[in-house]
Every structure is written in structure tokens, then in C-alpha cells.
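Q: structure for the following, please:
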Amino acid sequence: MQSLENRVEEILRKNIDYLSSEAEKKGYTLDHYFSEDVPAIMADGDMLYQAFLNILINAMQSMPDGGRIEVDTVGKDNTVTVHFKDNGGGIDEEIIDKVWAPFFTTKEQGTGLGLGIVKNIIEAHAGRIKIVNRDDQGVDVAITLPENQGL
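A: Residues are numbered from 1 along each chain as shown. Below is the predicted model of the structure:
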């Protein structure tokens, strides 16, 4: 049986390793900053891998000519927060709350299911997800997950 105790930074490293070769070819820089004090969490690592992968792919799609994606982690108040920051064009404020709705998409090709599935995965782990436009450019997708208590 798979252990449910996971370290978020290990899952993120797998995502970055998976994407790095193709990302580099297409002009993307994937930077990561993992805090030393991030605790283990109780989570399904495979599900979080899929959620994080979807967010990273969306970030790349928001910057068709390449760009920078920064991933960082912070441990605070019995939680782990992961920030995915890109320097794309951001999301129009009129639609930022609609991105979670099933079948909503701004892409010519796409189902509009990706972010809804990501949100369901995060909430199934008692977590929260939020997307905000950054002041300079791009978005910050922040995922907060509860610490692995009692192990």
C-alpha cells in the first residue's frame, strides 16, 4: 500500500524534472525555491502530482513565446503553501472567478475541466487554492495544504 505521507517538494521536483527538457526547448525557465521548514503532509502524491502538473502546463500555455515560472514552498501555522508564479498576461478580472467552473475555458482547444479538477483534488486534501493577478505581470496560484498531523 502506498504511504500517504508525502513531501510536497519531492512531488514538485518530479513535476519539474518531467517538464524541464521540453520547457527549456520552448523558452521556459522553471525556477524553484523550497523552504527548509516545510513539513510532510498527509496526501495522495499521485493526485497532487497531476494537480501541480496541470497548473504548470497552464502557466506555460499562458506564455506562448516562453517565460519564467517560479515555484516556491512555505511552511507556516501547520500548513504548507505552494506558489506557482508566472510572468504571462494574467487573467481578466471579469473572469478570474469563472476559471473553476466546469467547461469554462479561454483556449481555442480545451475542455475547461483542468482547473476544476485541480480544485477538487486540492479540496479533497482539505486544502485551498487561489489565483490572483500579480502586480507586475502574470498570476500567482497559491495552494495551501494542512500539515501531516500525528505521524
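Q: for the strand of greatest length in the chain, give the mean pLDDT please.
A: In the chain, taking DSSP state E as the definition, the longest strand is strand 67-76. Averaged across strand 67-76, pLDDT comes to 93.
Q: list the buried residues of it.
A: For strand 67-76, the neighbour count (16 or more other CB atoms under 10 Å) marks G67, R68, I69, E70, V71, D72, T73, V74, G75 as buried. For the C-beta atoms, the positions are set from N, CA and C on the backbone; glycine is no exception.
Q: what about that strand, distance to the chain center?
A: Here the centre of strand 67-76 is set off from its chain's centre by 9 Å, with CA atoms, centre = their mean, to the nearest Å.
Q: what helices or strands is that strand leaning on?
A: Where contact means 3 or more CB pairs under 8 Å, 6 or more residues apart in numbering; DSSP states H and E, strand 67-76 is packed against helix 8-25, strand 28-34, helix 45-61, strand 79-86.
Q: quick one, which of these is nearest to A124?
A: Among these, the nearest to A124 by CB to CB is helix 45-61 (7.3 Å).
Q: just want the angle from that closest one to helix 8-25.
A: With axes from the mean of the first three to the mean of the last three CA atoms, to 10 degrees defining the directions, helix 45-61 sits at 30 degrees from helix 8-25.
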